[in-house]
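>>> how does the following fold in three dimensions:
(one chain, ligands or ions: 1)
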Amino acid sequence: MSLADTVKDHFTAEFGEPPAFIVRAPGRVNLIGEHTDYNDGFVMPLAIDRATWIALRPRADNKVDVISIDMDDRREFALDDLPQPADADWIDYVIGVAWSLLERGYELRGWEGVVGGDVPIGSGLSSSAALELATARAFYCASGFDWDAAAMALACQAAENNWLGVNCGIMDQMISAAGVADRALLIDCRSLECATAPLPVGTAVVILDTGTRRGLVDSEYNQRRAQCEAAARHFGIAALRDIDLPTFLKREHELGPLIRKRASHVISENGRTLRAREAMNAGDAALLGQLMIESHVSLRDDFEVSSPALDAIVDCANAEAGCYGARMTGAGFGGCAVALVRANAADAFVERVSAQYQAATGNKPALYVTRASRGAETVAGTGLSTDFATEDTEET
Ligand code: GLA
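Below you'll find the model as predicted:
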């Protein structure tokens, strides 16, 4: 059964009639451009074919009543009395998005719904951004405000930063909001302008989950951000986006060794990401793969956010003849890698890399071919929110 049917049937069983809307928002995998988003730089993610789904109907009052299939839990809150977050509970993401939208002046109505999804939680594929954007979309359906992908991404990022206390950049929310089917998206994380980039013909994108998670990721992430900011301050620029590689190479000796390595990664990664876009527009899989390999080396040696498991799975992947290139993806320290492989070699790749990685590390990986999907959307409804708003106006 599809997830759309799962949340719909669950809704109907719980609330006694079919939902008024079904929405979805995807997770993501980043092809290249890692730890660049909070430096106002460039990223090249794609929205994956795994998503968070919500079946819902608007309520007449200001209550939000949500059932999570995956958490086997049901929670209710009032929009004029938002409960403070407790230990990043799943409902805190829903409440955080409500808080952020209210802060930004959106007029929200209550809704009741059922949420379910297939983005693995905590594996680095942005299940939290998927839940946030699906929640924003649910509020949009219930309340009938204008949907602007960048505004919604910013609101969801603010929920994560200021409500949940997680210091992330804009990449995950932006791609979950603005993803395009069969395309990666080059996102300028300063202007939030997006340009689609085609995946080279005859290639497949494979996600390689190492099966490892690392708890320290938040503190390490914050430390990397601070180091990047220190480098930018030294050069008197707003962000590392604002210095090009030749200028940096002339002045890098001014920095201490650690900050120099961190800055070197970010600046070279921005360059690689822009070259990746050219490679993709030219259909050059070999060049794109090479840039991904270089990105991993830079993340491993200069930014130091890889892990033995990530290095092992990337090495196994790169050793395969059908692989153009593989690298860690997301924040690092565990979680997933991503590989660009020849489409007709993908099945063999998955099988061989799984076996070799497991033999080398003892960890059980999960590898799967993914497809680029659309960003947050309403997939079914008694009408889009504008229709709903019209009905509403007529009634009152
Ligand atoms: C996490 C953050 C993103 C980004 C990546 C690293 O996924 O949520 O904003 O910084 O790490 O590229």
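>>> residue contacts, Gly325?
288-293, 318, 339-340 (C-beta atoms under 8 Å, 6 or more residues apart in numbering). (C-beta placed from N, C-alpha, C; glycine too.)
>>> is it true that it lies in a helix?
No: residue state for Gly325 (DSSP: H, G, I helix; E, B strand; the rest coil) corresponds to strand; a helix is not indicated.
>>> quick one: contacts for the residue nearest to it when sequence neighbours are not counted?
Leaving aside its sequence neighbours, Gly325 sits nearest to Gly289 (C-beta to C-beta, 6 or more residues apart in numbering; 2.9 Å). Counting by C-beta under 8 Å, 6+ apart, Gly289 touches 323-325, 340.
>>> reformat those residues as a markdown table; add distance to the ligand and pLDDT.
Converted to a markdown table, those look like this (distance: C-beta to the nearest ligand atom, whole Å; pLDDT from 0 to 100):
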| residue | distance to the ligand | pLDDT |
| --- | --- | --- |
| Cys323 | 22 | 98 |
| Tyr324 | 21 | 98 |
| Gly325 | 17 | 98 |
| Leu340 | 18 | 98 |
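>>> which of the contacts of Gly325 has the most neighbours?
Ala339 (31 neighbours; other C-beta atoms under 10 Å).
>>> follow-up on the earlier one: format the contacts of Gly325 as TSV; extra columns: secondary structure.
Putting the contacts of Gly325 into TSV (three-state DSSP) gives the following:
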residue	secondary structure
Leu288	helix
Gly289	helix
Gln290	helix
Leu291	helix
Met292	helix
Ile293	helix
Asn318	helix
Ala339	strand
Leu340	strand
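>>> closest one of those residues to the ligand?
Distance to the ligand, by C-beta to the nearest ligand atom, is smallest for Met292 among these, at 13.7 Å.
>>> quick check, Ala204 in a helix?
No: assignment of Ala204 by three-state DSSP gives strand, placing it outside any helix.
>>> follow-up on the earlier one: quick check, nearest of the contacts of Gly325 to Phe349?
Checking the contacts of Gly325 against Phe349 with C-beta to C-beta, the nearest one is Ala339 at 7.4 Å.
>>> so the residue lying closest to Asp92 once chain neighbours are set aside versus the ligand, what's the distance?
Excluding the flanking residues, the one nearest Asp92 by C-beta to C-beta, 6+ apart is Pro85, at 4.0 Å. In this view, Pro85 and the ligand are 17 Å apart by C-beta to the nearest ligand atom, to the nearest Å.
>>> can you map out the strands along the chain?
Ranges of strands in the chain, per DSSP state E, are 21-30, 42-43, 45-58, 63-68, 73-78, 111-117, 183-188, 194-198, 203-209, 323-328, 336-342, 366-370, 377-381.
>>> need the winner for burial among those strands.
The highest mean neighbour count among the strands of the chain, using mean count of other C-beta atoms under 10 Å, belongs to strand 21-30: a mean of 29.
>>> and the average pLDDT for that one is what?
Across strand 21-30, the average pLDDT comes to 98.
>>> tell me what angle that strand forms with strand 377-381.
160 degrees (axes from the mean of the first three to the mean of the last three C-alpha atoms, to 10 degrees).
>>> which strands border strand 21-30, and is each parallel or antiparallel?
Using DSSP bridges, strand 21-30 pairs in its sheet with strand 45-58 (antiparallel), strand 377-381 (antiparallel).
>>> only alpha carbons, please: show it as CSV.
The C-alpha coordinates for strand 21-30 follow below in CSV (Å, rounded to 0.1, in the frame of the first residue of the first chain):
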residue,chain,number,x,y,z
PHE,A,21,-6.2,17.0,2.1
ILE,A,22,-3.1,14.8,1.7
VAL,A,23,0.3,16.5,1.7
ARG,A,24,3.8,15.2,1.4
ALA,A,25,7.3,16.7,1.8
PRO,A,26,10.5,14.8,0.9
GLY,A,27,13.8,14.0,2.6
ARG,A,28,17.0,14.9,0.7
VAL,A,29,20.4,13.7,-0.4
ASN,A,30,23.1,16.2,-1.2
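>>> excluding residues flanking it in the chain, which one is nearest Tyr38?
Tyr38 sits nearest to Gly169 (C-beta to C-beta, 6+ apart), 3.9 Å away.
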